[in-house]
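Student: Okay, sequence plus prediction incoming.
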Amino acid sequence: MKKLVMLMLALMLAGVTMAQAYDADVIVIGSGLAGHAATYSALEQGAKVLWIEKNPVLGGSTAIATGTFAAAETELQKERGIQDSRELFIQDINRIGHEKADQNILRAFVEKATAVWEWFVRAGLPVDVKRGPFIDPSHSPYSVPRTYVPSPNKSSIYTDLLYQKMQQYKDRLTILLNTKAEHLVVEQGRVTGVLTISDKGTVTYRAKAIILATGGYGSNREMIRQYSPKYSEVMTVTLPFATGDGHRMAKEVGAELVNMGYICAYFGGMPATPGKYAIGFGDLTSGAADAWKGDIWVNKRGERFINEDDSDEDPREVALNEQPDLESVIIFDQGMVDFNKRFPISNFEKRLAENPYAVKKADTLEELCAAFGLPVDQVRREVAATNADYAAGRVDRFGKKPAVPFSKGPWYGILNRGVIFMTQGGVKTDIGMRVLDSKGRWIPGLYAAGEVQGTSQWGGYGLAGGTGNAPPLVFGMEAGRNAASEAKLLK
Ligand SMILES: Cc1cc2nc3c(=O)[nH]c(=O)nc-3n(C[C@H](O)[C@H](O)[C@H](O)COP(=O)(O)OP(=O)(O)OC[C@H]3O[C@@H](n4cnc5c(N)ncnc54)[C@H](O)[C@@H]3O)c2cc1C
């Protein structure tokens with residue numbers, strides 16, 4: 001007897017445990033778009049699923065995200081006579097993403113997105129057919145309309161539908177809320193479990209396959225500092241749970257993390273106070289801005305840095321990311337407000353009153369610059385140059401031909417900072433969502449889907465419209481299917 005105990009102890013120390021019961025076929029960690037899709041598809045394949053979420057409710061980022069979805073060659077496009085192809089979709093993402101996407105992952109996304117979109121439509125997704133398919137002006141434009149919005153435009157529409165559809169399998173589903181996955185368990189070179197922390201204490205759950213659907217790390221300052229120091233102080237609109245737990249857990253078991261140095265901050269961060277912010281002024285700070293003429297954007301040094309009227313958002317976004325503190329002030333005057341009266345800035349007076357730190361009005365340019373701490377001489381030079389270009393009908397150094405000069409006060413300014421919506425670095429996977437190590441080998445039993453993969457794997461260095469939501473859904477479905485198949489093989 002003593003010998004048997006000694007033998008078991010020796011085996012355990014060598015990392016070999018005696019066969020234990022599994023708590024489920026598949027464990028899914030995280031319950032945003034990717035977690036819902038993975039859970040649904042694993043259940044649909046017949047797997048018994050344990051679903052772990054550290055928040056008290058399911059849903060992840062769908063609590064705040066809007067619902068655009070991009071896919072090519074859809075029925076809706078065909079009905080509208082829109083000529084599209086998957087190749088064109090790939091080309092567009094490569095253009096917007098500066099050719100930096102993992103081409104296999106990008107192709108896998110584009111190939112599968114159509115079927116996933118049609119699945120949602122057949123399942124009863126309410127689609128806003130008046131708006132979609134359309135070319136989303138708040139992102140660098142696709143060559144053809146291929147962005148869709150649900151009605152209402154909320155990404156929770158997808159998770160609500162998936163949750164409803166998974167009720168038919170609820171006898172095979174266990175959901176653990178308020179349960180944080182802390183570490184992955186490796187036995188004989190295979191990921192077989194998750195160590196969790198909850199008010200039950202520390203509990204390890206075992207399964208034949210584990211799916212990380214833990215989202216990004218936009219709310220983890222330490223990680224941002226470590227991997228992308230330039231973005232250490234950049235504002236974020238991601239929710240507090242976006243702390244990169246999946247990245248850390250995967251790395252602990254040997255997974256490769258890719259593109260962690262890269263973050264693409266988006267337009268429209270408007271500080272409410274120095275430490276707090278709101279998002280807003282899509283009318284001026286997003287792609288729709290090209291309808292609004294005249295405004296100039298200056299950085300902290302008072303210098304212009306971009307063609308403000310460019311209808312392609314990408315160059316403007318890239319340029320904003322290069323400015324000190326990712327900050328610019330949008331400057332215009334009353335003459336421009338009058339000129340653009342067909343495109344009024346929504347609730348401007350209200351915003352002036354409610355957000356005085358970021359939105360300011362002054363009688364003179366000098367007062368406006370003082371209020372924002374801008375070097376007035378340099379801003380004066382930019383204003384004078386704009387007026388001279390206008391008078392001469394000249395194209396300026398950024399390729400813009402001013403449509404309206406600065407003519408009369410009062411003067412207005414809007415502080416606009418780059419803001420993190422999603423994180424681009426993540427856990428490297430193959431096209432079956434199997435997690436890879438630094439030598440490109442599978443880590444058996446481990447899958448990752450959604451923002452935990454890093455949006456750059458499918459999108460490169462940019463933000464193409466509808467590719468924040470669609471890939472977590474597409475890859476979540478894929479991960480659930482493949483994890484369930486792997487689990488079947490282990491029976
Ligand atoms: C304000 C905003 C607007 C957006 N609008 C759009 C849009 O219009 N179009 C678009 O395409 N994209 C948009 N996006 C991006 C898109 O919403 C996200 O890319 C997507 O929701 C990510 O889904 P996910 O499932 O990968 O991660 P998440 O939804 O972030 O889910 C991750 C889940 O994992 C859980 N979790 C994390 N760690 C653990 C752990 N250790 N243990 C247990 N659970 C854990 C979290 O609590 C969370 O529930 C937007 C994002 C934001 C912030």
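Tutor: Now that the structure is in, tell me what you want to look at. Residues are numbered from 1 along each chain as shown.
Student: Around the ligand, pick out the residues from the stretch 351-491 of the chain.
Tutor: Residues of the stretch 351-491 of the chain lying near the ligand by Cβ under 6 Å from any ligand atom: 421-422, 450-451, 466-469, 472. The C-beta positions use only the backbone N, C-alpha and C, and glycine is treated the same way.
Student: one more time with 8 Å, if that's ok
Tutor: With Cβ under 8 Å from any ligand atom as the criterion, the stretch 351-491 of the chain comes near the ligand at residues 421-422, 449-452, 455, 465-472, 476.
Student: And for the stretch 51-200 of the chain?
Tutor: When proximity is defined as Cβ under 8 Å from any ligand atom, the stretch 51-200 of the chain approaches the ligand at 52-55, 58-62, 64-70, 153, 155, 179-182, 196.
Student: what's the residue in the stretch 51-200 of the chain positioned nearest to the ligand sitting at in phi/psi?
Tutor: Closest to the ligand within the stretch 51-200 of the chain is Gly60: 2.6 Å, counting by Cβ to the nearest ligand atom. Backbone geometry at Gly60, expressed as degrees, to the nearest 10, gives phi 50, psi -140.
Student: mind listing what the closest residue to it other than its chain neighbours touches?
Tutor: The spatial neighbour of Gly60 that comes closest, neighbours along the chain excluded (Cβ to Cβ, 6 or more residues apart in numbering), is Gly32 at 2.5 Å. Residues counted as contacts of Gly32 (Cβ atoms under 8 Å, 6 or more residues apart in numbering) are 59-62, 159, 213, 215, 450-451, 472.
Student: Dihedrals phi and psi, Gly32?
Tutor: phi -80, psi -150.
Student: Max pairwise distance over the residues of the stretch 351-491 of the chain next to the ligand: which two?
Tutor: Maximum pairwise distance in these, criterion Cβ to Cβ, is 21.3 Å, between Val452 and Gly465.
Student: Any regions of this structure where pLDDT drops low?
Tutor: Scanning the chain for pLDDT under 70 picks out 1-20, 274-283, 286-290, 491.
Student: top strand in it by residue count?
Tutor: Secondary structure of the chain per DSSP state E: the longest strand is strand 201-212.
Student: now for that strand, which elements pack on it?
Tutor: strand 24-29, helix 33-44, strand 49-52, strand 180-187, strand 190-198, helix 245-252, strand 442-448, helix 470-489 (3 or more Cβ pairs under 8 Å, 6 or more residues apart in numbering; DSSP states H and E).
Student: any bit of that strand sitting next to the ligand?
Tutor: No. On the criterion Cβ under 8 Å from any ligand atom, strand 201-212 is out of touch with the ligand, staying 8.5 Å away.
Student: how much space is there between the closest residue to Ser438 other than its chain neighbours and the ligand?
Tutor: Computed as Cβ to Cβ, 6+ apart, the closest residue to Ser438 that is not its neighbour in sequence is Glu256, at 4.6 Å. Applying Cβ to the nearest ligand atom, to the nearest Å, the value for Glu256 to the ligand is 18 Å.
Student: Return the residues in contact with the residue of the stretch 101-250 of the chain found nearest the ligand.
Tutor: With Cβ to the nearest ligand atom, the shortest gap between the stretch 101-250 of the chain and the ligand falls at Gly215, namely 2.6 Å. Shown in contact with Gly215 (Cβ under 8 Å, 6+ apart): 30, 32, 34, 60-61, 241-242, 246, 450-452.
Student: swap in Asn469?
Tutor: Asn469 is in contact with 33, 65, 67-69, 155, 158, counting by Cβ under 8 Å, 6+ apart.
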